[in-house]
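K.L.:
sequence unknown, structure follows:
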């Protein structure tokens, strides 16, 4: 064993440094589901900046220092407060905000978000075989920042909730695919300690629902607000 360790110490050091880099500096996150459509697609791989919010002890989730504050509209990776699953959603509400949803429309601190219909497309629902529904795509504007979302009017979903005041160091996360996302409406608010990092851009992408052909037009695509 000692001989093997000496012979492979360079490789082992590389693995250790690589692990430190991925858990403390930057990581990549494959997108396995359609909960962030139309902005993130199944088969995208996104670059995650793990230093966007906190400096953490390598190979742990222990925060050593706060480096930045999460902003409304950030696309964030985090651990589910329900079962620890690794998720990616959009940050919608910050500590101190009062947020509610009425008939799919967000109201934050008494100010309704603005919505502009862009187009409608047919979309196959995962796990339903060949069933296709109409996905209505809209621009949602909150605090002057716009991003795309989509809604699926034909399926049952949670489109309303009463006003919620966001406690300190907690955040509300919603999927951009509003009617097909297990987000804070189902799993609860997300404590800061469970945040992993901010998704910055799509590194690479392949059509995992089709023939796995590369989607080169998505390579390097920014996810900035």
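P.N.:
Happy to help now that I have it. These numbers were taken from a predicted model, which means no experiment stands behind them.

K.L.:
what's the first helix or strand after the lowest-mean-pLDDT helix or strand in the chain?
P.N.:
Using mean pLDDT, DSSP states H and E, helix 9-24 stands out as the lowest-scoring helix or strand of the chain, at a mean of 42. Next in sequence after helix 9-24, counting helices and strands by DSSP states H and E, comes strand 26-30.

K.L.:
quick one: contacts of the next helix or strand after that following strand?
P.N.:
Helices and strands here follow DSSP H and E; after strand 26-30, the next one along the chain is strand 44-49. The contact list for strand 44-49 (Cβ atoms under 8 Å, 6 or more residues apart in numbering) reads 26-31, 40, 75, 77, 88, 196-205, 218, 223. In short, each C-beta sits where N, CA and C put it, glycine included.

K.L.:
now the buried members of those.
P.N.:
Buried members of those, scored by 16 or more other Cβ atoms under 10 Å, are 27, 29, 31, 40, 75, 77, 88, 196-205, 218, 223.

K.L.:
quick one: the helices in this structure?
P.N.:
2-7, 9-24, 184-187 (DSSP state H).

K.L.:
and the shortest one, what's buried?
P.N.:
Within helix 184-187, the residues scored as buried using 16+ other Cβ under 10 Å are 184-185, 187.

K.L.:
and it, what does it pack onto?
P.N.:
Contacts defined by 3 or more Cβ pairs under 8 Å, 6 or more residues apart in numbering; DSSP states H and E place helix 184-187 against strand 170-174.

K.L.:
what pairs with the strand it packs on, and is each one parallel or antiparallel?
P.N.:
Under the criterion DSSP bridges, strand 170-174 sits next to strand 86-93 (antiparallel), strand 190-191 (antiparallel) in its sheet.
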